[in-house]
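Asks: just a sequence and a predicted model for now, questions to come.
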Amino acid sequence: MSATNHTKFESIRDSIEEKAIKPLFDYLDGELQRPVTTEGYIKIYTLVYNECTGIESDTETNKKGLYKLHQDTIKRYLNGKKESNKKGEYLEYFVLVWGKFKLLNKWMKMFLCNLDRWYIPENHLRSLETSGYFLFVTDFLFHTRDELYKEAIQKINMRREDDTCDLGNVIIFLEVLDTLDNYCCCSNGEKSLFEDFEILFVDHSRIYYASLALLTGSKIGVCCSSSEYLEFVRIKMKKELSLLQYFIPRRSIETKIQEIMENELLVEHYKEIILDVTSGCRFLLNEGNLKHIAEMFRLYIGVKLECLTLMSSNFSEYILDMGNKLTENLQKAIQGGDSKDSLKIDFISSIYRLLKNVKTTTKDCFQNHILFERVLECSFKKVLSGPLLAEYLTLYFHNYLGRCSEKVTDEERHKTLVDALSLFGYVEDKDHFLNLYRHFLAKRLLSKKSYSTDLERVVINELRLCCGVQYTSRLEGMIYDSETNNETFKEYIMENSPEDTNFSVRTLTQTFWPVIRVISCSLPNKIYDSQKKYETFYSQRFSGRKLEWMHSLGTVDIDAHFFPAEKKTAQKKYLISMNTFQSLVILQFNSSISHTISSLSLTTEIPENELKQILDSLTLQRRCHLLLKDDCDVYRINETFTSNLKWVKLPPFAFQREKKSTSEHLSGRSMEMERNSALDASIIRILKTRKRLSHSDLVEEVTRQMTIMFHPTMKTIKCRVESLIERDFMSRDPESPSIYTYII
């Protein structure tokens, strides 16, 4: 730059210094009301404009000098403020300087705005505004940054303890940091100003809440309960998040602080909180305090999986303990001699109430969280495991599906059954339940004591939805057989032999119904002839089918006349309904006044063991003893029999051997045989489809298919595989013994 040009720029700089910068400094110090008049601003603006748009050779040099003037002016002002800073309230002084600096930066941009239009873009320099902010950071903020951060954090900690503490300067300071980061982007991987503060603030917050947790968490179970501590944490977290939203301009820091609070206040003390004997999760479950359980879950969900796992473990123990307590009470009551059936029915009702309560807890407290739903399912399967509980459940259904003496409305009966069906899903041995249910269903249908066929169908439909069509096919067949009437046979009888219209037959499909033992006997000619007519009728309609008569299931109505000893002329007439075998014995007394067991066995052809049971049912009944037994085992008619009813129904009875065979059929040994057959069929079915299959794949597929009925063990499946190999249904691959092949 020549001496002439240098002298010219000096005069320009002096003019700007005198007419703009000095008045601006005085204005910032409060000595002037306005830094420059309108005429003065126009002169400064025109001067800078001419230098930026002129074509003289020294124009570029003057532009550079004006840009340097801008930098030097801001540095000079900031250095003066930095040196006059008094130790103490750094934030308050920072806010004061920032307010004056913004005015300085604004006016300097207004004075030299033409540099932003021509000089700065051409030379790829920072704009005047950005350059001013950058200088504020480097020449002022960095000088007291650590003290500012420390004082801001101290103010925030004071506000955490005292709501009246003012955070005005902290809010402005953080907003300034955010503003400066927007203008002064960091490069070379350096952290921004706000990130620096965020790291320091997070570290100090961790220390603060760690000390707070150490102070309050050690009081759990001593000075405060878990519920009180969790309420303190909830309020503290809510207050902290509200505070962060109040003074933090960036939301990212909220997540970090929340994680710190959850970790320090909840996770570090989760065992003490959840396992506390006097106020923990298990205590709250026992007390039924759903509100505090829900609060505990809400605070721990999403914090750490181990916390929810511990809560779910307490939930599982609670379910098992309550279930075991009900089972123990039942066993004690049975041993005490109380009515077994009523106790078992009440036990199922109690189990359902327990299930309803824990489902409500899972929904209202644990928000149907999958972890707690799985715990509920597994725990109730353990409670309802074993054959005895399956028996209790079928007895419960039998009570409400039969014509029980309880005064229950149709709506209550239907609701009770639907509620009980929810327990069926937790029964693991569903095959055992099915066998028991078939037994009771046959008992209801054959004795005509089912309350409603429609209600029977409702239960069967629910079982079908749960386990499939194959599970309930035999039950549906039993219902179909019970509803099928022989109208065609009645028409056939009316046409061929009208005198036999009182003879009716119920046809049962053998594959549907439980096994019933056939007992031989000699029928009266009239019944025998009617039986032969039905066989003829049936063979004409269904060729190839075999009929087998189950007389133990039949009933006979007999007209009986009794003559009291004191007045033989005043006879009493009754219609007595009894079992077929009972009627065969009673009819023998028409030909003789008394009989012995041997004579009755000879005429009826009923085995003596069964005949003794029939005679006992006719002599030992308290209200219906039709026969009298002498000392010499001679039986005769009880001519003095009286009853207030004209139609007398003898109580049904079953032979002891039949009862024993039924119990054996429902016992574990028979169940094991049925399961082995089902496993054999499943293995053969799978291999027949796949031809070749590895052992692990076979076990997996068999387990999947059998889970609906029962859960087979690895040992059981392996034994069935060995059995099928011995019987040449399948074989091992010689080269790979773990591969099975189906033998065609």
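Replies: Looks like it came in fine.
Asks: excluding chain neighbours, what is closest to Asp419?
Replies: Spatial nearest neighbour of Asp419, chain neighbours left out: Tyr352 (5.6 Å); criterion: CB to CB, 6 or more residues apart in numbering. Placement of C-beta: from N, CA and C, glycine included.
Asks: wasn't that neighbour part of a strand?
Replies: No - Tyr352: not assigned to a strand; according to DSSP: H, G, I helix; E, B strand; the rest coil it is helix.
Asks: now it: how far from Leu687?
Replies: 42 Å (CB to CB, to the nearest Å).
Asks: what does Lys646 give?
Replies: Separation of Lys646 from Leu687 (CB to CB) stands at 66 Å.
Asks: between the two, tell me which one has more neighbours.
Replies: More neighbours surround Leu687 than the other of Lys646 and Leu687, with 21 against 9 (other CB atoms under 10 Å).
Asks: what number of residues are in the vicinity of the residue nearest to Asp630 when sequence neighbours are not counted?
Replies: Distance criterion CB to CB, 6+ apart; nearest residue to Asp630, sequence neighbours excluded, is Arg636 at 7.2 Å. Look at Arg636: counted by other CB under 10 Å, it has 14 neighbours.
Asks: phi and psi next, for Phe653.
Replies: Note on Phe653: its backbone torsions stand at phi -140, psi 160 [degrees, to the nearest 10].
Asks: and for it, the neighbour number?
Replies: Using other CB under 10 Å, the number of residues around Phe653 comes to 19.
Asks: now do the contacts for it.
Replies: 579, 613-614, 617 (CB atoms under 8 Å, 6 or more residues apart in numbering).
Asks: most widely separated two among these?
Replies: The distance between the two most remote of the contacts of Phe653 (CB to CB) is 10.8 Å, for Asn579 and Gln613.
Asks: neighbour count: these two, which is higher?
Replies: Taking other CB under 10 Å, Asn579 and Gln613 do not tie; Asn579 has more neighbours (22 against 17).
Asks: test my guess that that one contacts Ile558.
Replies: No - using CB atoms under 8 Å, Asn579 makes no contact with Ile558, being 11.2 Å away.
Asks: between the two, which contacts overlap?
Replies: Here Asn579 and Ile558 share no contacting residue, scored by CB under 8 Å, 6+ apart.
Asks: how about Leu69: what's its closest non-neighbour residue?
Replies: Closest residue in space to Leu69, ignoring its immediate chain neighbours: Arg13 at 5.9 Å, by CB to CB, 6+ apart.
Asks: check the gap between that neighbour and Ala333 for me.
Replies: Counting by CB to CB, the gap from Arg13 to Ala333 is 108 Å.
Asks: ditto for Ile274
Replies: 35 Å.
Asks: quick one, which of those two is more surrounded?
Replies: Legend: neighbour count by other CB under 10 Å for Ile274 and Ala333, higher for Ile274 (20 against 17).
Asks: spatially nearest residue to Phe503 (excluding sequence neighbours)?
Replies: In space, and not counting its chain neighbours, Phe503 is closest to Ser530: 4.0 Å by CB to CB, 6+ apart.
Asks: ok, now Phe136?
Replies: The shortest distance from Phe136 to any non-neighbouring residue, by CB to CB, 6+ apart, is to Phe101 (5.7 Å).
Asks: now that neighbour: which helix or strand?
Replies: Phe101 belongs to helix 90-111 when assigned by DSSP states H and E.
Asks: list the contacts of that helix.
Replies: By CB under 8 Å, 6+ apart, the residues outside helix 90-111 that reach it are 16, 20, 24, 27-28, 35-36, 41, 44-45, 48, 70, 73-74, 77-78, 81, 85-86, 116, 128-129, 132-133, 136, 140-141, 144, 147-148, 151-152, 155, 169-170, 172-173, 176.
Asks: now these: which count as buried?
Replies: When the contacts of helix 90-111 are checked for burial by 16 or more other CB atoms under 10 Å, the buried set is 16, 20, 24, 27-28, 35-36, 41, 44-45, 48, 70, 73-74, 77-78, 81, 85, 116, 128, 132-133, 136, 140-141, 144, 148, 151-152, 155, 169-170, 172-173, 176.
Asks: what is the neighbour count of the closest residue to Leu446 other than its chain neighbours?
Replies: Once flanking residues are discounted, Leu446 sits nearest to Leu553: 5.5 Å by CB to CB, 6+ apart. Residues contacting Leu553 under the criterion other CB under 10 Å number 16.
Asks: same question for Glu412.
Replies: With other CB under 10 Å as criterion, Glu412 counts 12.
Asks: doesn't it belong to a helix?
Replies: Yes - per three-state DSSP, Glu412 lies within a helix segment.
Asks: need the contact list for it.
Replies: For Glu412, the contact set (CB under 8 Å, 6+ apart) is empty.
Asks: hang on, isn't Lys612 packed against Ser598?
Replies: No - using CB under 8 Å as the test, Lys612 is too far from Ser598 to be in contact (11.4 Å).
Asks: A helix includes the residue nearest to Asp630, no?
Replies: No - using three-state DSSP, the assignment for Arg636 is strand, not a helix.
Asks: is it in a bridge, and if so with what?
Replies: Residues in a beta bridge with Arg636, per DSSP bridges, are Ser594, Leu628.
Asks: isn't it right up against Leu627?
Replies: Yes - with contacts counted by CB under 8 Å, Arg636 reaches Leu627, the gap being 6.9 Å.
Asks: identify the contacts common to these two.
Replies: With contacts defined as CB under 8 Å, 6+ apart, the residues shared by Arg636 and Leu627 are Phe589.
Asks: residue contacts, the residue nearest to Leu446?
Replies: Leu553 neighbours (CB under 8 Å, 6+ apart): 446, 516, 580.
Asks: tell me which stretches of the chain form strands.
Replies: Using DSSP state E, the strands assigned to the chain run over residues 555-562, 572-579, 594-596, 627-629, 634-637, 647-649, 692-694, 730-732, 739-742.
Asks: okay, now the closest residue in space to Trp549 that isn't next to it in sequence: neighbour count?
Replies: In space, and not counting its chain neighbours, Trp549 is closest to Gln531: 6.7 Å by CB to CB, 6+ apart. Applying the criterion other CB under 10 Å, we find 16 residues in the vicinity of Gln531.
Asks: which helix of this protein spans the most residues?
Replies: Ranked by residue count under DSSP state H, the longest helix found in the chain is helix 305-335.
Asks: what about Tyr149, distance to Glu608?
Replies: In this structure, Tyr149 and Glu608 are 106 Å apart, going by CB to CB.
Asks: between the two, who's got more neighbours?
Replies: More neighbours surround Tyr149 than the other of Tyr149 and Glu608, with 20 against 11 (other CB under 10 Å).
Asks: where does the more buried one land on pLDDT?
Replies: With respect to pLDDT, Tyr149 scores 89.
Asks: where's Tyr426 relative to Thr38, distance?
Replies: To Thr38, Tyr426 is 89 Å away according to CB to CB.
Asks: of those two, which one has the most company?
Replies: Using other CB under 10 Å, the more surrounded residue of Tyr426 and Thr38 is Tyr426, with 20 against 8.
Asks: what's around the residue lying closest to that one once chain neighbours are set aside, how many residues?
Replies: In this structure, Tyr426 finds its nearest non-sequential neighbour in Phe380, 4.1 Å apart by CB to CB, 6+ apart. By other CB under 10 Å, 24 other residues sit near Phe380.
Asks: now swap in Ser279 and tell me
Replies: 21.
Asks: pLDDT score for it?
Replies: Per-residue pLDDT puts Ser279 at 85.
Asks: what's the local residue count around the nearest residue to Glu391 once chain neighbours are set aside?
Replies: Spatial nearest neighbour of Glu391, excluding adjacent residues (CB to CB, 6+ apart): Leu436 at 5.7 Å. Neighbour count for Leu436, taken as other CB under 10 Å: 21.
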